[in-house]
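Q: pasting the structure only:
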């Protein structure tokens, strides 16, 4: 995993946690929660959110998290208001942790598929088994 991928995952987690508060969330609020060195040093120098070095990573993180939420709960679960620079996001979904058990569901589905393949004559690739189990 590269540094940019781990930073992306870090911001996705921050965005998700902030959205699950059911309060209005903007880029600046998430950057304020960030503890990356770039964000901390840039916060002292700049006041415009788009000037932060992590701004593009943060925008991508919002897109990923919102797309996942819409996939799980439907298109109306996140309300977006404002323009590009002053955009505000509001999670209006019913659940307080809608993606919390997504990994558990995926693992359960993989195990069920593995059982199906074992019962169906063993056409499940062994390399794939070694990789996941």
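A: Now that the structure is in, tell me what you want to look at. In this text, all values refer to a predicted model and were calculated from it rather than measured experimentally.
Q: that's a helix at residue 68, yeah?
A: Yes. The assignment for residue 68 by DSSP: H, G, I helix; E, B strand; the rest coil puts it in a helix.
Q: Would you state the strands of the chain in chain order?
A: 24-26, 78-81, 88-91 (DSSP state E).
Q: what would these look like in CSV with distance to residue 98?
A: In short, each C-beta sits where N, CA and C put it, glycine included. Formatted as CSV, these follow (distance: least, CB to CB, whole Å):
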stretch, distance to residue 98
strand 24-26, 15
strand 78-81, 11
strand 88-91, 9
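Q: could you dump those strands to a markdown table with mean pLDDT, mean neighbour count and distance to residue 11?
A: Supplementary listing: the strands of the chain in a markdown table, determined by pLDDT from 0 to 100; neighbours: other CB atoms under 10 Å; distance: least, CB to CB, whole Å:
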| stretch | mean pLDDT | mean neighbour count | distance to residue 11 |
| --- | --- | --- | --- |
| strand 24-26 | 94 | 18 | 12 |
| strand 78-81 | 93 | 13 | 16 |
| strand 88-91 | 94 | 18 | 14 |
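Q: quick one: which of those strands is nearest residue 55?
A: Between residue 55 and the strands of the chain, the tightest spacing by CB to CB is seen for strand 24-26, at 12.2 Å.
Q: neighbouring strands for the closest one, and are they parallel or not?
A: Taking DSSP bridges as the criterion, strand 24-26 forms sheet pairs with strand 88-91 (antiparallel).
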